[in-house]
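Novice: have a look; sequence and predicted model below, questions after that.
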Amino acid sequence: MLPYLRLELRRLARMPGLLIFTVLMPLMSYLLFTNITTITGQDKSVAATYTMVSMAGYGAIGALLNYASGLVIDRSIGWLRQLRLTPLPPVKVVLGKGLAGMAAALLPVLALCGAAVLINGVQLRPWQWLAILPLLWLGALPFALLGLALGYLATSQTVQPLNFLVYLGFSIVGGLWLPLDLLPGWVAAVGRLLPTHAYADMSWRVAFGGAPSTGDVVTLAVWLVAFAALAVLGFRRSVRSVAAL
């Protein structure tokens, strides 16, 4: 298991485009948005804190979806078929891929929080940082499962547009680009049911002195189960297709 995980981490290090897309772009967006104080209707310090969470979550989700979608390439080049010939159980193959994806998701979280402190002077209490960092990192786990599901189910022709639509749609409607209060009522109502909003809202609440709500935790847990089921379905379908070759 550990050798396979090290292999996946080395493969991750050889994907600079992924790191640029999931770290540099959210960071540039963060620096831009924090100079537009109307984004939250509050002063710059509030906007800097609010958008820190939004863009860190946006980057983490993007890292997980894009990294996991590399499964399509693994399938097309026969890598999954080769792994089936090793003693490594399929469950550990999926787990290794998921853990490597979680490592990729940690980078935008650290980068955005670091920029918030060093550039925008965001100041939170130690307990808030100790809560927000794990919430932004580990709270993104449902999206790792979603990425795996898309990677197992999509084809090389459909994975990129499907990934883009899911990523952008969940991010916009879920309130990562604009607060839900600024969106049309029906869009905001849908957005509150999405995992992206529940995921970010837990950290928003902590950042402004509160605690994650039960509703957010339940919403994220429901989506976690749904994405896990979808990933299992995709994995079984992929295994059957590989076995048939």
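Specialist: Received the coordinates, thanks.
Novice: so the most centrally placed residue in the chain: helix, strand or coil?
Specialist: Of all residues in the chain, the one closest to the mean position by Cα atoms, centre = their mean is residue 61, 1.6 Å from it. Secondary structure, DSSP: H, G, I helix; E, B strand; the rest coil: residue 61 is helix.
Novice: how about the helices in the chain?
Specialist: Ranges of helices within the chain are 2-13, 16-19, 25-33, 44-68, 71-76, 79-84, 90-118, 126-138, 141-153, 159-173, 185-191, 195-207, 214-243, based on DSSP state H.
Novice: tell me how far the third one lies from the chain's centre.
Specialist: This means helix 25-33. 17 Å (Cα atoms, centre = their mean, to the nearest Å).
Novice: from now on call the first residue 765
Specialist: New numbering, starting at 765: the last item is helix 789-797.
Novice: helices and strands around that helix, which ones?
Specialist: For helix 789-797, the elements it packs on are helix 808-832, helix 854-882, judged by 3 or more Cβ pairs under 8 Å, 6 or more residues apart in numbering; DSSP states H and E. (Glycine included, C-beta is placed from N, CA and C.)
Novice: of those, which stretch is the most buried?
Specialist: Neighbour counts (mean count of other Cβ atoms under 10 Å) averaged over each of these peak at helix 808-832, with a mean of 26.
Novice: got the angle between that helix and helix 978-1007?
Specialist: Following axes from the mean of the first three to the mean of the last three Cα atoms, to 10 degrees, one obtains 20 degrees for the angle between helix 808-832 and helix 978-1007.
Novice: just want the angle from helix 808-832 to helix 923-937.
Specialist: Between helix 808-832 and helix 923-937, the angle comes out at 160 degrees (the same axes, to 10 degrees).
Novice: coming back round to it: turn the helices and strands packed on helix 789-797 into a markdown table, including mean pLDDT.
Specialist: Below are the helices and strands packed on helix 789-797 laid out as a markdown table (pLDDT from 0 to 100):
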| stretch | mean pLDDT |
| --- | --- |
| helix 808-832 | 89 |
| helix 854-882 | 85 |
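Novice: reformat those as JSON lines; add distance to residue 942.
Specialist: Listed next are those as JSON lines, based on distance: least, Cβ to Cβ, whole Å:
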{"stretch": "helix 808-832", "distance to residue 942": "9"}
{"stretch": "helix 854-882", "distance to residue 942": "17"}
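Novice: closest one to residue 961 among those helices?
Specialist: Closest of these to residue 961 is helix 808-832, at 9.8 Å (criterion: Cβ to Cβ).
Novice: that closest one packs against which elements?
Specialist: By 3+ Cβ pairs under 8 Å, 6+ apart, helix 808-832 packs against helix 780-783, helix 789-797, helix 854-882, helix 890-902, helix 905-917, helix 923-937, helix 959-971.
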